[in-house]
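Undergrad: Structure here, sequence nowhere to be found:
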């Protein structure tokens, strides 16, 4: 484990610059891969890029999880270094990466309890009709007004399901009904 000289926040801005004259080298030029922990200014030698990226992701996730929002909380980040310089990906990881495209997806939820249709995962569909069709395939019921009811068996669900049953229109008056002339 090696320590590096502390950099001020303004000095860290030169980590990812493309200008070679202003580029900072916080690591060792003779090591191909290192992980720089900025809080304690510590360098950890890494065997390869994949290990360095996984270690950086784990460290940064843990640091974010431990951050309680206090202004006295030390700020630390893990930066992957290649021959002492901050590593930068040369291009996109896959075609279209880096471009956010908003999409709308649909999933079915019970209108009584709010439960979502799910098995091992929560399915998402391109249309509301596809989400409803999948819910009905899973023995959910659809009310005449379009609401969905899941397969739970309790009073609230049974009351909602009573709306889906056909009305008794046998024409024979009930003993509690009055006959209209």
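TA: Nice, thanks for sending it over. Small disclaimer: the values here were computed from a predicted structure and weren't measured.
Undergrad: So for residue 56, what's the nearest residue that isn't a sequence neighbour?
TA: Of all residues not flanking residue 56 in the chain, residue 78 sits nearest, at 4.0 Å (C-beta to C-beta, 6 or more residues apart in numbering). From N, CA and C alone the C-beta is placed, and that goes for glycine too.
Undergrad: Next, the buried residues of stretch 116-128.
TA: 117, 123, 125 (16 or more other C-beta atoms under 10 Å).
Undergrad: tell me the pLDDT at residue 63?
TA: With respect to pLDDT, residue 63 has a value of 83.
Undergrad: what about it, neighbour count?
TA: Residues near residue 63, counting by other C-beta atoms under 10 Å, number 18.
Undergrad: Now for it: which residues touch it?
TA: Residue 63 sits next to 39, 76-78 when contact means C-beta atoms under 8 Å, 6 or more residues apart in numbering.
Undergrad: Please pick the buried ones from those residues.
TA: Looking at those with 16+ other C-beta under 10 Å, the buried ones turn out to be 76, 78.
Undergrad: Go ahead and name everything in contact with stretch 107-120.
TA: Contacts with stretch 107-120, where a contact means C-beta under 8 Å, 6+ apart, come from 122-125, 131-132, 134-135, 138, 140, 143, 147-150, 152, 156-157, 160.
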